[in-house]
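Visitor: could you work out the structure for the sequence below:
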Amino acid sequence: MNSYLSERVIEDILAADKSILSEVLSVNVSDLSIIDRQKIVSSGKLDLLYLCKDEILLIELKIVPFYKDIITQINNYEKDLIDLQNKNKIARSKIKKIILVVGCRESDYKSCKENNIELLVYKPEGILSRYYENFKELSTFLKIQSGDFGVVRLGLIKNSLNYLAQGLSIKEICKLEMKSEKTIRNKISVAQHLNLVSKFKANFFLTDSGNSFVELGDQILDDRLNQHQIDLISNFINENPFYSPITYTIYSLIESVFVLSKTSYPVPKDSLKDYFVKSVAKTETWRMPRARETATYIFSNYACELEYLVKVDNQFFLSPKGIQAILLLQLNRSIKLIETRN
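Guide: Alright, predicted model coming up:
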């Protein structure tokens, strides 16, 4: 067994997530409730004490194959527990002894059976993988899939939203901007992911934030965001980094620059490209060099437009707003984890 794995790690998981323990023990998860862990008794510290229906489960965990001294160890723990029961310090329930090991021989099962011990073999890597899967199911931000819509700068959505505010249809906007319907729909999709546009049936309309975005804009139809619009979008992203694939991916790119800055600063675009693609789990989707180049180009443009990053000669610097964003991301992740574990 790899020496970098400790019993404590597996024990932490089995104490924290009884659904995994229930699978190892082949019992109903609703019947399990933890009594104690690392309980100090006369002969040492027992690993886990669980209640299952009307039985106390005395669980001795090992990350090594079975060896005979474990029988002596768990039998001593059982005697200690019986002594505590006689002193009315724990419930007078039947004690069931269970040993969890990573491997054993057929004769070991026989030795354990003679001592009224249930011997079970488990795989630590299976426990670790299942814990992550359970954690991922609870953690919404881990399910977010990154994606781009071919809109290379956020400023390009400005004119389309101005037209949408006037009540124009997609086809009318296409004529005015002389763009294809796909291009206009992509712009509106980006705006949706930034909470600027919503959709009801087949119709698009501006949200409250979208109306503010248009009102804060200059009357001149151009493709640049002004400071008020930059602040509106960046404030929303700071408060809602996991709102959509676009908000998540902007933050992921900023975080990638932050991580790489520990090695080299400013961060070269070529270094950022590969790390960023891996960080958002897009190594397969953005497999071709051109796709990776385009995705990094688009989202670094967004981050620079919103003043999280500064780009000089294909090298990236973190702005004060970018450093603040990193701190807010860590805070938001922690809040999400607390919310999902309750």
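Visitor: which residues does L81 contact?
Guide: Taking CB atoms under 8 Å, 6 or more residues apart in numbering, we find L81 in contact with V41, L46, I56, L58, I90, I95. Every residue, glycine included, has its C-beta placed from N, CA and C.
Visitor: how many other residues sit next to the nearest residue to V259 once chain neighbours are set aside?
Guide: Spatial nearest neighbour of V259, excluding adjacent residues (CB to CB, 6 or more residues apart in numbering): Y275 at 7.1 Å. When counting by other CB atoms under 10 Å, one arrives at 17 neighbours for Y275.
Visitor: packing partners for the helix or strand harbouring F213?
Guide: Element membership of F213, judged by DSSP states H and E, is helix 208-216. For helix 208-216, the elements it packs on are helix 158-165, helix 227-239, judged by 3 or more CB pairs under 8 Å, 6 or more residues apart in numbering; DSSP states H and E.
Visitor: if we can go back for a sec, among the contacts of L81, name the buried ones.
Guide: L46, I56, L58, I90, I95 (16 or more other CB atoms under 10 Å).
Visitor: out of these, which one has the weakest pLDDT?
Guide: Minimum pLDDT across the buried ones among the contacts of L81 is recorded for I90, with 86.
Visitor: the residue lying closest to it once chain neighbours are set aside: neighbour count?
Guide: With sequence-adjacent residues excluded and distances taken as CB to CB, 6+ apart, I90 is closest to L84, at 4.8 Å. By the measure other CB under 10 Å, the count of residues near L84 is 16.
Visitor: buried sites along the helix or strand encompassing L84?
Guide: Applying DSSP H and E as the criterion places L84 in helix 69-86. Across helix 69-86, burial judged by 16+ other CB under 10 Å covers I70, I71, Q73, I74, N75, Y77, E78, D80, L81, L84.
Visitor: helices or strands next to the helix or strand just after that helix in the packing?
Guide: Going down the chain from helix 69-86, the next helix or strand is strand 94-101, by DSSP H and E. Here strand 94-101 touches strand 55-61, helix 69-86, strand 117-121, going by 3+ CB pairs under 8 Å, 6+ apart.
Visitor: in CSV, list those along with distance to Y109.
Guide: Shown next, in CSV, are the helices and strands packed on strand 94-101 (distance: least, CB to CB, whole Å):
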stretch, distance to Y109
strand 55-61, 15
helix 69-86, 12
strand 117-121, 5
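Visitor: nearest to C104, of those?
Guide: Within the helices and strands packed on strand 94-101, the stretch nearest C104 is strand 117-121; the backing value is 5.9 Å (CB to CB).
Visitor: would you mind pulling the contact partners of that closest one?
Guide: Strand 117-121 is contacted from outside by 24-25, 66, 71, 74, 96-104, 108-109, 112-113, using CB under 8 Å, 6+ apart.
Visitor: please redo it, this time with the cut-off set to 10 Å
Guide: 24-26, 57-60, 65-66, 70-71, 74-75, 78, 96-104, 108-113 (CB atoms under 10 Å, 6 or more residues apart in numbering).
Visitor: how about the strands of the protein, start to end?
Guide: For the chain, applying DSSP state E gives strands covering 32-41, 44-52, 55-61, 94-101, 117-121, 197-200, 203-206, 267-268, 309-312, 315-318.
Visitor: out of those, the one nearest I173 is which?
Guide: When these are compared by CB to CB, strand 203-206 sits nearest I173, at 9.8 Å.
Visitor: would you mind pulling up the elements that the closest one packs against?
Guide: Applying 3 or more CB pairs under 10 Å, 6 or more residues apart in numbering; DSSP states H and E, we find strand 203-206 packed against helix 158-165, helix 170-177, helix 181-193, strand 197-200, helix 208-216.
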